[in-house]
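Enquirer: here's my sequence, what's the structure:
(chains A and B)
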2 protein chains.
Amino acid sequence: MAGKKVLIVYAHQEPRSFNGSLKKVAEEELSRQGCTVAVSDLYSMNFEPRATRKDITGVCSNPEFFSYGVEAYEACKKRTLARDIIDEQKKVQEADLVIFQFPLYWFSVPAILKGWMDRVLCQGFAFDIPGFYDSGFLKGKLGLLSLTTGGTAEMYAKAGVSGDFRYFLWPLQHGTLHFCGFKVLAPQINFAPEFASEEERKGMVASWAQRLKTIWTEEPINCTPPWYFGQ
Amino acid sequence: MAGKKVLIVYAHQEPRSFNGSLKKVAEEELSRQGCTVAVSDLYSMNFEPRATRKDITGVCSNPEFFSYGVEAYEACKKRTLARDIIDEQKKVQEADLVIFQFPLYWFSVPAILKGWMDRVLCQGFAFDIPGFYDSGFLKGKLGLLSLTTGGTAEMYAKAGVSGDFRYFLWPLQHGTLHFCGFKVLAPQINFAPEFASEEERKGMVASWAQRLKTIWTEEPINCTPPWYFGQ
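Expert: The predicted structure is shown next:
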């Protein structure tokens, strides 16, 4: 939809990868629609994943005892967070939709993207206490996880060895996105692209582009335990 | 138990923190028992969390197209993984028990520790295809998550806003530790130590030390969906 702003937070090392193709068609389709699209290509940026004292540029509020959460909150309010964090927060602030594009590593995001979540979504910016879940500061924004897996769809079925894929979405969709106020759109999951043929992969990329044509008309999921774990 | 080897993988920035105290009493109690205790203090080591080409010291198996999983697997077999990964793998290989000590960040491990999992537990070392879950290469070892939360126990009750705490354990205990063959001991969870008094925190530290006295007699949990999500 023209006028909408999208941020794609992308975590793959290889531009020619399947994740890279998904990122690329999203950029192209959304731009074609007239959206403004920003991309944070984390590996290209060599994005810092570790939450450390270096994230606070001024004097710490307690120089004797470093508590990351407390110091990041204070720095956020005083605008003394590190430049890379402030830059990402600006992109998030402007976005109507944030798409996370990544391969699943250990039922979760790769560490470089975990670090983006740890450092960018700080208290004072993405939430406060109180001011979380439905009162999170990023309410009004849409979030969407577009991910690929090594394991097959079968492995991620309810009775499969890896359990229902919805189980691993909980910390990301509910614990993180919903906590910050996002409305969560259904995940885009491409299972085991490495086992698919080149043709099948092209089909998956095309399906994603097709979905994005009507993304702005989608209803968010009901991001509470029944969606994940049943009644 | 004398003769046993323990590795503590520790992820907190402040030695005087509650996490630091938990790590310290674990080292002391286990050493007192006659165990060999190694500690990977990730922030002190400035441990690299990002999975990149730099993790392979030789020539990549496919220089035209970088697939981290494939290249790490090949390098593992050829013993050309980066030195820091090899050092960690040696510690894991020797350990009978691996304790992970960390504050919960976004229902998961801090990114620096996620990076330890992503880079150290590679195919060829921790698992193979096939050779995972009960056939994972680290079978025979015990794994234990000792974590602290910002949220209260109430928030992490089944009907609480953050859902049952067991839900967030799934990717870590099942998707990662069980996948690699570990038997998983019950997690040690200290909820909201920041809201507790100094006395209460001392009590929590003492409980942990007390538990460790009989850690070698504990039965692992049944690390399958019913434990997490009920029948």
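Enquirer: and the pLDDT at A:G58?
Expert: Looking at A:G58, its pLDDT reads 88.
Enquirer: scratch that, A:K213 is what I was asking about
Expert: The model's pLDDT for A:K213 equals 98.
Enquirer: correct me if wrong: it contacts A:E29.
Expert: Yes. A:K213 is within contact range of A:E29, at 6.7 Å (criterion: Cβ atoms under 8 Å). For every residue, glycine as well, the C-beta is placed using N, CA and C.
Enquirer: between the two, which one's more packed in?
Expert: A:E29 (18 against 12; other Cβ atoms under 10 Å in any protein chain shown).
Enquirer: now for that one: which residues touch it?
Expert: A:A209, A:L212, A:K213 (Cβ atoms under 8 Å, 6 or more residues apart in numbering or on different chains).
Enquirer: what about A:P15, how many residues nearby?
Expert: By other Cβ under 10 Å, the burial measure for A:P15, its neighbour count, is 15.
Enquirer: okay, and the beta partners of the spatially most central residue of chain A?
Expert: Residue closest to the average C-alpha location in chain A (Cα atoms, centre = their mean): A:F100, at 3.6 Å. Beta-bridge partners for A:F100, by DSSP bridges, are A:V9, A:L145.
Enquirer: give me the pLDDT value at the residue of chain A positioned farthest from its centre.
Expert: Each residue of chain A has a distance to the centre, and by Cα atoms, centre = their mean the biggest one is for A:E64: 34.0 Å. At A:E64, the model reports a pLDDT of 95.
Enquirer: tell me the spacing between it and chain B.
Expert: Distance, A:E64 to chain B, using Cβ to the nearest Cβ, to the nearest Å: 8 Å.
Enquirer: A:V205 now?
Expert: The gap separating A:V205 from chain B is 17 Å, by Cβ to the nearest Cβ.
Enquirer: quick one, helices of chain A?
Expert: A:18-32, A:68-78, A:83-94, A:111-120, A:165-169, A:198-213, A:225-229 (DSSP state H).
Enquirer: how about those, which one is nearest B:I189?
Expert: With Cβ to Cβ as the criterion, B:I189 lies closest to helix A:68-78 of these, at 17.7 Å.
Enquirer: name the surrounding residues that touch that closest one.
Expert: Under Cβ under 8 Å, 6+ apart, the answer for helix A:68-78 is A:51-53, A:55-58, A:60-62, A:81, A:119, A:122-125, B:13, B:150.
Enquirer: tell me if I'm right that A:P103 and A:N19 touch.
Expert: Yes. A:P103 sits in contact with A:N19 when judged by Cβ under 8 Å, with a separation of 5.8 Å.
Enquirer: can you get me a residue count around A:D55?
Expert: Neighbour number of A:D55 under other Cβ under 10 Å is 21.
Enquirer: and it, how far is that from B:A126?
Expert: 31 Å (Cβ to Cβ, to the nearest Å).
Enquirer: again with A:C76
Expert: For A:C76 relative to B:A126 (Cβ to Cβ), the value is 37 Å.
Enquirer: who has more neighbours, these two?
Expert: Under the criterion of other Cβ under 10 Å, the comparison of A:C76 against B:A126 puts B:A126 first, with 24 against 21.
Enquirer: most tightly packed of the helices of chain A?
Expert: Of all the helices of chain A, helix A:111-120 carries the top mean neighbour count, a mean of 26, counting by mean count of other Cβ atoms under 10 Å in any protein chain shown.
Enquirer: and that one, what does it pack onto?
Expert: Applying 3 or more Cβ pairs under 8 Å, 6 or more residues apart in numbering or on different chains; DSSP states H and E, we find helix A:111-120 packed against helix A:83-94, helix B:111-120.
Enquirer: so A:L212 touches A:E28, yeah?
Expert: No. Counting by Cβ under 8 Å, A:L212 does not reach A:E28; the two are 9.4 Å apart.
Enquirer: filter the contacts of helix A:68-78 down to the buried ones, PyMOL style.
Expert: Remark: buried members of the contacts of helix A:68-78, expressed as a PyMOL selection using 16 or more other Cβ atoms under 10 Å in any protein chain shown:
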select buried, (chain A and resi 51+55+56+60+61+81+119+122+123+124+125) or (chain B and resi 13+150)
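Enquirer: the one helix or strand in chain A whose mean pLDDT sits lowest vs chain B: in contact?
Expert: In chain A, no helix or strand scores lower on mean pLDDT, DSSP states H and E than helix A:225-229, which sits at a mean of 95. Yes. Against chain B, helix A:225-229 shows contacts by Cβ under 8 Å from any Cβ of the partner chain at A:P225, A:Y228, A:F229.
Enquirer: B:F191: which of these is nearest?
Expert: Nearest to B:F191 among those is A:P225, at 18.8 Å by Cβ to Cβ.
Enquirer: residues contacting the closest one?
Expert: B:K158, B:G163, B:Y167.
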